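Colleague: Fold the following and give me the result.
(chains A and B)
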Amino acid sequence: KQEVTQIPAALSVPEGENLVLNCSFTDSAIYNLQWFRQDPGKGLTSLLLIQSSQREQTSGRLNASLDKSSGRSTLYIAASQPGDSATYLCAVYQNFGNEKLTFGTGTRLTIIP
Amino acid sequence: GAGVSQSPRYKVAKRGQDVALRCDPISGHVSLFWYQQALGQGPEFLTYFQNEAQLDKSGLPSDRFFAERPEGSVSTLKIQRTQQEDSAVYLCASCRGGHEQFFGPGTRLTVL
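Modeller: The predicted structure follows:
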């Protein structure tokens, strides 16, 4: 059974710093990996989708990398801003024919002004 | 904007009541998913539809939970005889096959 882990569970950094969030998964035979952010009391907002054939994806100040062989993904946030404060979740798709996502428990990020 | 919508946003039920939660997916998205999110946890998969066919219901926690999508668009998640442990946020997501999933705002269910 696939298990997804995110460390740390919480992180506080001063505004302007670059930071890295980590995601690891036990079964490397994944199809895609997706990063989300969740604001308190809200649904999930998709940030980046990395297909299994890709090594990284970029969107603005965000860069996500994927190393399937080691079962790891990282989300890099450059020049952090207070508006980046949220919980960040990674999730893996196991198979093309079964598209359910297995989520980690998230990293709660606080950017200190 | 035609995102995923869910209703109601909040639902309070007395233990033993039946509830129905609605999801309107993005138009044209064939795949629809239900997830349950407990406080402080990541979402957990409940069930998955491709058009009107329920392809995977392995995550439904008991036979009190039932989901349907009769016309391949709107879906309803029904919980019968609610229990306190059913209290959670219920998230719906949709996607075109094999692509990124888009989530609705969720329904927060509180069972008293």
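Colleague: Low-confidence ranges, chain B, go.
Modeller: B:1, B:98 (pLDDT under 70).
Colleague: can you tell me the helix or strand for the residue minimising distance to the centre of it?
Modeller: In chain B, the residue lying closest to the centroid (C-alpha atoms, centre = their mean) is B:W34, at 3.6 Å. Per DSSP states H and E: B:W34 is located in strand B:31-37.
Colleague: what do you get for A:L21?
Modeller: Element membership for A:L21 (DSSP H and E) is strand A:19-25.
Colleague: Buried residues in that strand, which are they?
Modeller: A:19, A:21, A:23-25 (16 or more other C-beta atoms under 10 Å in any protein chain shown). Using the backbone N, CA and C atoms, a C-beta is placed for each residue, glycine as well.
Colleague: Report the contact partners of A:G106.
Modeller: For A:G106, the contact set (C-beta atoms under 8 Å, 6 or more residues apart in numbering or on different chains) comprises A:6, A:9, A:38, A:87-89, B:42.
Colleague: who in chain B is up against chain A?
Modeller: B:4, B:31, B:33, B:35, B:40-45, B:48, B:55-56, B:59, B:91, B:93, B:95, B:97-106, B:108 (C-beta under 8 Å from any C-beta of the partner chain).
Colleague: List the strands paired with the strand holding B:W34, with their directions.
Modeller: strand B:44-50 (antiparallel), strand B:88-95 (antiparallel) (DSSP bridges).
Colleague: would you turn those strands into TSV with mean neighbour count?
Modeller: Formatted as TSV, the strands paired with strand B:31-37 follow (neighbours: other C-beta atoms under 10 Å in any protein chain shown):
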stretch	mean neighbour count
strand B:44-50	21
strand B:88-95	24
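Colleague: CSV for those, including distance to B:R15?
Modeller: Output for those, formatted as CSV (distance: least, C-beta to C-beta, whole Å):
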stretch, distance to B:R15
strand B:44-50, 20
strand B:88-95, 15
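Colleague: B:K11: which of these is closest?
Modeller: strand B:88-95 (9.0 Å; C-beta to C-beta).
Colleague: ok, residues contacting the closest one?
Modeller: Residues from elsewhere that reach strand B:88-95 (C-beta under 8 Å, 6+ apart): A:43-44, A:99, A:101, B:4, B:6, B:21, B:23, B:25-26, B:29, B:31-39, B:43, B:46, B:75, B:77, B:101-104, B:106-109.
Colleague: Which of these are buried? Put it as a PyMOL command.
Modeller: Applying 16+ other C-beta under 10 Å to these, the buried members can be selected in PyMOL as follows:
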select buried, (chain A and resi 43+44+99+101) or (chain B and resi 4+6+21+23+25+26+29+31+32+33+34+35+36+37+43+46+75+77+101+102+103+104+106+107+108+109)
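Colleague: Give me the subset of the contacts of strand B:88-95 that lies in strands.
Modeller: Applying DSSP state E to the contacts of strand B:88-95, the entries found in strands are A:44, A:101, B:6, B:21, B:23, B:31-37, B:46, B:75, B:77, B:102-103, B:107-109.
Colleague: Please tell me the pLDDT value assigned to the closest residue to chain B within chain A.
Modeller: Using C-beta to the nearest C-beta, the closest approach of chain A to chain B is made by A:F103 at 3.3 Å. A:F103 carries a pLDDT value of 96.
Colleague: which stretches of chain A form strands?
Modeller: Under DSSP E, chain A gives strands at A:4-7, A:10-14, A:19-25, A:32-38, A:44-51, A:56-59, A:62-67, A:72-77, A:86-93, A:101-103, A:107-112.
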